[in-house]
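Engineer: turn this into a structure:
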Amino acid sequence: MIKKSIAKLVGLKKDEFDLLVKSGQIQLQSARLIPSHKTGDEMALTSIFMSTLRLVKEFRDNLFKSIKLSRAGKVYFYTEACFPDINKCRIDGLVIVVTKGIIADAAFLK
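Structural biologist: Modelled structure (predicted):
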């Protein structure tokens, strides 16, 4: 398999993003309302917060409006995002907005 380097997320096709996740070039977990981590742990709280954004439209719309994140399209919420080829640091949360199969906007939560 040929490795594709990650230059930027915005503009990347969602299918290509999924292939990067599958190949391990992007490591992340889907946000869950009931996380598998220890209760009260930072990772568990981030997962709960991200799931709340996904489930409560009014909360999501207000937050997205205040940080000027696009609200048009399908939104995906992830926790524990890591890009090992770029940097070993772990990002607490990743939000991507997909419009017409292409990542139109992205936000990192730290």
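Engineer: use CA for all of it now, contacts and neighbours both
Structural biologist: OK.
Engineer: give the other helices and strands that the longest strand along the chain contacts.
Structural biologist: Secondary structure of the chain read by DSSP state E shows that its longest strand is strand 87-99. In this structure, strand 87-99 makes packing contacts with helix 42-55, strand 74-83, strand 102-109, judged by 3 or more Cα pairs under 8 Å, 6 or more residues apart in numbering; DSSP states H and E.
Engineer: may I see those arranged in TSV, with mean pLDDT as well?
Structural biologist: Below are these laid out as TSV (pLDDT from 0 to 100):
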stretch	mean pLDDT
helix 42-55	88
strand 74-83	92
strand 102-109	93
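Engineer: let's have those in TSV, adding distance to N62.
Structural biologist: Converted to TSV, the helices and strands packed on strand 87-99 look like this (distance: least, Cα to Cα, whole Å):
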stretch	distance to N62
helix 42-55	10
strand 74-83	15
strand 102-109	15
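Engineer: among those, which comes closest to K14?
Structural biologist: strand 102-109 (5.5 Å; Cα to Cα).
Engineer: put the alpha carbons of the closest one into PDB.
Structural biologist: In PDB, the C-alpha atoms belonging to strand 102-109 read as follows (Å, rounded to 0.1, in the frame of the first residue of the first chain):
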ATOM      1  CA  ILE A 102     -15.300  16.500   1.000                       C
ATOM      2  CA  ILE A 103     -14.100  17.800   4.400                       C
ATOM      3  CA  ALA A 104     -15.300  21.400   4.300                       C
ATOM      4  CA  ASP A 105     -14.200  22.400   7.800                       C
ATOM      5  CA  ALA A 106     -12.300  21.000  10.800                       C
ATOM      6  CA  ALA A 107     -11.700  22.000  14.400                       C
ATOM      7  CA  PHE A 108      -9.300  20.600  17.000                       C
ATOM      8  CA  LEU A 109     -10.200  20.700  20.600                       C
END
